[in-house]
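1. Sequence first, predicted coordinates after that:
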Amino acid sequence: MNKSEEHPYELVVGLEVHTQLTTQSKAFSSDATEYGAAPNTQVSAISLGHPGTLPMLNRQVVDDAIRLGLALNCRIRERNEFARKNYFYADLPKGYQITQHTTPIATEGYMDLRQSDGQMFRLRITRIHMEEDAGKSMHDQDAYDSLIDLNRCGVPLLEIVTEPDIRSAAQAGQYLTELRRLLRYLEICDGNMEEGSMRCDANISVRRKGDVQLGTKVEVKNMNSIRHVQRAIEHEFVRQVAMIESRQAISSETRSFDAGRGNTFALRSKEQANDYRYFPEPDLQPVIVSEDWKTMIRANMPPLPADLLHDFTSRCGLNEYDAGVLTESREIALYYNNIITNTRHYKAAANWVMGPVKSWLNAHALSMKDFPLSAACMALLTELVEDGGISHTAAVQKLFPALVSQPSEDPAELANRMGLQQVQDPDELLRLAREVLQAWPDKVAAYRSGKKGMIGLFMGELMKKSGGKADPKMAAKLLEGLLDA
Amino acid sequence: MSAYHQLSDLQRALKADELCCVDMVQAFLKRIRERPEINAFLEVYDEEAIERAAWLDAEHVAGRWYPLSGMVMALKDNIAYKGHRFSASSKILEGFESLFSATATQRLFDAGAIFIGRVNCDEFAMGSSNENSAFGPVLNPLDSQRVPGGSSGGSAAAVAAGFCHAALGSDTGGSIRQPSAYCGVVGLKPTYGRISRHGLIAFGSSFDQIGPITHSLEDAALLTEIMAGADDYDGTCSRRPASECRMPTEPKGNGRLKLVVLEDLEDSGGLDPQMFEAYQNLLVRLKAEGHQIITRSLPELKYSIPTYYILATAEASSNLSRYSGVHYGYRNPDATTLEETYKKSRTEAFGKEVRRRIMLGTFVLSEAYYDAYYSKGQKVRRLLRDKSYALLEGADALLLPTTTGAAFRFGEKSDDPLQMYKEDMFTVLANLNGFPAVSVPFALNRERLPLGIQLMGRPWEEGQLLRMAAILHPHRAVSTPLDA
């Protein structure tokens, strides 16, 4: 439920997300970018800002920016310039950050989100630009000194800025969830907010419902999960409304979120803000993004969650819920997508993935990429059950665990060896059915006088006689045929 | 050691076994020791140079020759040489050793050059007299009362004094050409992007170029060709073929050139009367030799100095931010906070002129003044580049004095920064438009001090430019009395 709906005030939020790209090397040098390496080991003279070093652009960064830009329906700029943002800090050895200022690579995009009430909501994307990360300062590791780790220095970032279209914490959460999923599908960022590879700042203001003018905005930083972003927004809404109600002016400032207390506190006012003295980076030539370049990126674009969701519902006939579960993670969606290139039993395949496969992964604390069975094998397994080769129960309880430990086996052959194949021979089944009915004449009479529920007893007896291998559909049909004759 | 003119002569003598590299290096070292007051060298690589010379001699005996076999060179103190100190003549880089070699350094080394030492310059290449070095001024070897020019004063003085065969300089607003003119040697600023800036301490990134200071145009061409060409460490370095720097054997158009001169020269600088006279005589001689002198006007030239000082200081203010006292170089020992570390280290370790330019550059980039200064400066720069192409339309090169006169005396301009900035009057155009320009000594004044003339050609035509410049000093031997 949107709190502000019955509230006289309206919340207005725009988000700025920084995503660390998972490129092999840094944005402007060949230094490695691996997370968690020992401090100051992934640094060359370039990352250290030594005299005489120059940046060289990693083209992968531009590829990734174009990919995300296209996925967010943006216009891609042809002539991209880099700029220097100048400020002094100990984790910024050059004294400036290379970024894009007036010429962001992507602009005017949007993301469509389905709200919890089922309504679609379009969030406009203002811009995406490329830049480099700074190093890391640690002020609480040593009693006397601040420690500086420059491994992160120069790691490529994309900054994604939205219009102030967000009206609730829930929408902010939805956007971030969706954006993170998109980044993972595109394989450009792991979207890990705890490790800081995805960071979010929120520009938050409130205004009276119906007002056209925006209220004074406050920028909130240091929220390291989507939940924290939502909590910070909720807190700010309450705080700012209370201030307005008590006729206090809201000051334009940067605030920090305190996860422990669930509130925010002022870091600095915007008047104290740095003059970053932006100017065009003279060490890098402008990057020209040609039509060919864009076409190449488009051609190699992986399937996106929205496309797969649409495909799973419209072509495969899955319901929205199932399709949503399957597209939650890129690996699962692609795995399912691979299964259904090999079988037309879409719903059954979906049940396999959402049921036994996910349970197995959860039980073993593994992710999809570690799952031993190939999509082709899962398709065979699905077909085997759907065609009546073995029962669903036998498949789930016996064959599936056996296959997982012998992933190279053919499902049908293994089922055969394990003696799991169903009895589908009509003569054999007819013989068993007759035996059961002969053994229970009074129950047969009861059935014929209207107690149709007796069929369960006959089925149970028949299964017992077949050692659990009778094809239940066929058996039921035969029993009914004999009883109703 | 006989007068040195060009490497090809020297290599003939080496091949004829008339001399060897070790003897040559010893002779240079002796000369350097004999004139310590010149203060050209911040560090002499004596043992290392002798070792290298011995190695080369052995190579030569074994029949292995290198393009630069025999060439002894000095490096300006803002060009990196792996494992060696470099400081841009600033206290702020106290004790700093480079982890890598500049691309230019590496290519020269690979081609067989012997480095004899690193030479003094104005701090961070900011200055026109070498008076801004944290390690004291360099004296002009032709007249110790006078400046050698700057910022590559040590480079030009070392070549002129016969301390080495050639030196590398860097030119942001005239820093190769002006000292070359004052010391009577040849100085080339190649086209912007011709030589990688990787390993050059940045001053004005969109202006800076490494270039050679030599006794001859031939050596300038050879060294430029060796240093030129695409580099994986500098994205602004051109992929154009280095062979464009080679001097063609045949001069253009039967050797009869069309040279542009500026009609408003007098308004813009005020030439020293002796320079004016020498310049007029040169024009008379050139005409007599059948060259065509075309007078054109470039009234915008007067904007070149303010434009240059706005844009170059803006870039410098950012480029010099890394010298913060935090990661390397000088750090004030008493500072207790980060801000104090910045303020104290930078205030103490940067010289006055460097501080002035950082402040100027910070000002022109500040939000409130960006449009009035930096943006406008960029527009004027584009205009000047367009005008430069128009100026050379249908002609071969622009002929300009390198400076308004001969080397001035110490202290003469050091109290007035604007007077000093005007030293760049005729040289900054080639940095603003990125065109190649060479200064050659073309006359001596009555005090027997050399005067320099400058030829600016079209981009990427260094070979042609140097070939054309041969008409400006037709007697081959450069006029340094020491070397004659």
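-> Received the coordinates, thanks.

2. The stretch 351-484 of chain B against chain A: which residues are in contact?
-> Where proximity means C-beta under 8 Å from any C-beta of the partner chain, the interface of the stretch 351-484 of chain B facing chain A comprises B:Thr362, B:Leu365, B:Ser366, B:Glu367, B:Tyr370, B:Tyr374. Using the backbone N, CA and C atoms, a C-beta is placed for each residue, glycine as well.

3. And the residue of chain B that's closest to chain A?
-> Nearest to chain A, among the residues of chain B, is B:Ser321, at 2.4 Å (C-beta to the nearest C-beta).

4. okay, now that residue: neighbour count?
-> By other C-beta atoms under 10 Å in any protein chain shown, the residues close to B:Ser321 number 23.

5. helix/strand/coil for it?
-> Following DSSP: H, G, I helix; E, B strand; the rest coil, B:Ser321 is assigned to helix.

6. list the contacts for B:Ala74?
-> By C-beta atoms under 8 Å, 6 or more residues apart in numbering or on different chains, B:Ala74 lies in contact with B:40-41, B:115-119, B:154-155, B:158-159, B:163-164, B:166-168.

7. And the strand or helix carrying B:Tyr182, what does it pack against?
-> B:Tyr182 belongs to helix B:177-183 when assigned by DSSP states H and E. On a contact count with 3 or more C-beta pairs under 8 Å, 6 or more residues apart in numbering or on different chains; DSSP states H and E, helix B:177-183 meets helix B:153-160, strand B:166-171, strand B:186-189, strand B:437-444, strand B:450-456.

8. mind redoing it with 10 Å?
-> Judged by 3 or more C-beta pairs under 10 Å, 6 or more residues apart in numbering or on different chains; DSSP states H and E, helix B:177-183 is in contact with helix B:153-160, strand B:166-171, strand B:186-189, strand B:209-214, strand B:437-444, strand B:450-456.

9. what's the offset of the fourth one from the middle of its chain?
-> Read it as strand B:209-214. Averaging C-alpha positions (C-alpha atoms, centre = their mean, to the nearest Å) puts strand B:209-214 5 Å from its chain's average.

10. Is there any residue in it that contacts chain A?
-> No - Strand B:209-214 does not reach chain A (C-beta under 10 Å from any C-beta of the partner chain); its nearest approach is 10.8 Å.

11. how far off strand B:166-171 does that strand point, in degrees?
-> 150 degrees (axes from the mean of the first three to the mean of the last three C-alpha atoms, to 10 degrees).

12. Give me the distance from the helix or strand just after strand B:209-214 to the chain's centre.
-> Later in the chain than strand B:209-214, the nearest helix or strand by DSSP H and E is helix B:217-227. Centroid separation between helix B:217-227 and its chain, computed with C-alpha atoms, centre = their mean, is 14 Å.

13. Helix B:217-227: which residues count as buried?
-> Neighbour counts over helix B:217-227 (16 or more other C-beta atoms under 10 Å in any protein chain shown) mark B:Leu217, B:Glu218, B:Asp219, B:Ala220, B:Ala221, B:Leu222, B:Leu223, B:Thr224, B:Glu225, B:Ile226, B:Met227 as buried.

14. Please apply the same query to stretch B:343-360.
-> So, applying 16+ other C-beta under 10 Å, buried residues of stretch B:343-360: B:Lys344, B:Ser345, B:Arg346, B:Ala349, B:Phe350, B:Gly351, B:Glu353, B:Val354, B:Arg357, B:Ile358, B:Leu360.

15. who touches the last one in this structure?
-> So the one you mean is B:Leu360. If you count contacts by C-beta atoms under 10 Å, 6 or more residues apart in numbering or on different chains, B:Leu360 has them with B:Tyr309, B:Ile310, B:Ala312, B:Thr313, B:Ala314, B:Ala316, B:Ser317, B:Tyr373, B:Pro417.

16. hang on, the earlier thing: can the residues of the stretch 351-484 of chain B next to chain A go into a markdown table with extra columns for secondary structure and neighbour count?
-> Below are those laid out as a markdown table (DSSP: H, G, I helix; E, B strand; the rest coil; neighbours: other C-beta atoms under 10 Å in any protein chain shown):
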| residue | secondary structure | neighbour count |
| --- | --- | --- |
| B:Thr362 | helix | 19 |
| B:Leu365 | helix | 24 |
| B:Ser366 | coil | 15 |
| B:Glu367 | coil | 10 |
| B:Tyr370 | coil | 18 |
| B:Tyr374 | helix | 24 |
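
17. Leaving out sequence neighbours, find the closest residue to A:Thr103.
-> Excluding its sequence neighbours, the residue lying closest to A:Thr103 (C-beta to C-beta, 6 or more residues apart in numbering or on different chains) is A:Glu81, at 4.7 Å.

18. What is the neighbour count of that neighbour?
-> Quick note: A:Glu81 (other C-beta under 10 Å) scores 15 neighbours.

19. do B:Ala58 as well
-> The burial count for B:Ala58: 11, using other C-beta under 10 Å.

20. Can you give me the buried ones in the helix or strand hosting it?
-> Assigned by DSSP H and E, B:Ala58 belongs to helix B:46-61. Neighbour counts using 16+ other C-beta under 10 Å place B:Asp46, B:Glu48, B:Ala49, B:Ile50, B:Arg52, B:Ala53, B:Leu56, B:Asp57, B:His60 of helix B:46-61 among the buried residues.

21. For the second one, which non-adjacent residue is spatially closest?
-> The one in question is B:Glu48. For B:Glu48, ignoring the flanking residues on the chain, the nearest one in space by C-beta to C-beta, 6+ apart is B:Phe115 at 7.7 Å.

22. cool, the fifth one as well?
-> With C-beta to C-beta, 6+ apart as the criterion, B:Arg52 has its nearest non-adjacent residue at 4.9 Å, and that residue is B:Ile114.

23. what's the answer for B:Tyr279, then?
-> Computed as C-beta to C-beta, 6+ apart, the closest residue to B:Tyr279 that is not its neighbour in sequence is B:Pro401, at 5.6 Å.

24. What are the phi and psi values at that neighbour?
-> When read as degrees, to the nearest 10, the backbone of B:Pro401 gives phi -60, psi 150.
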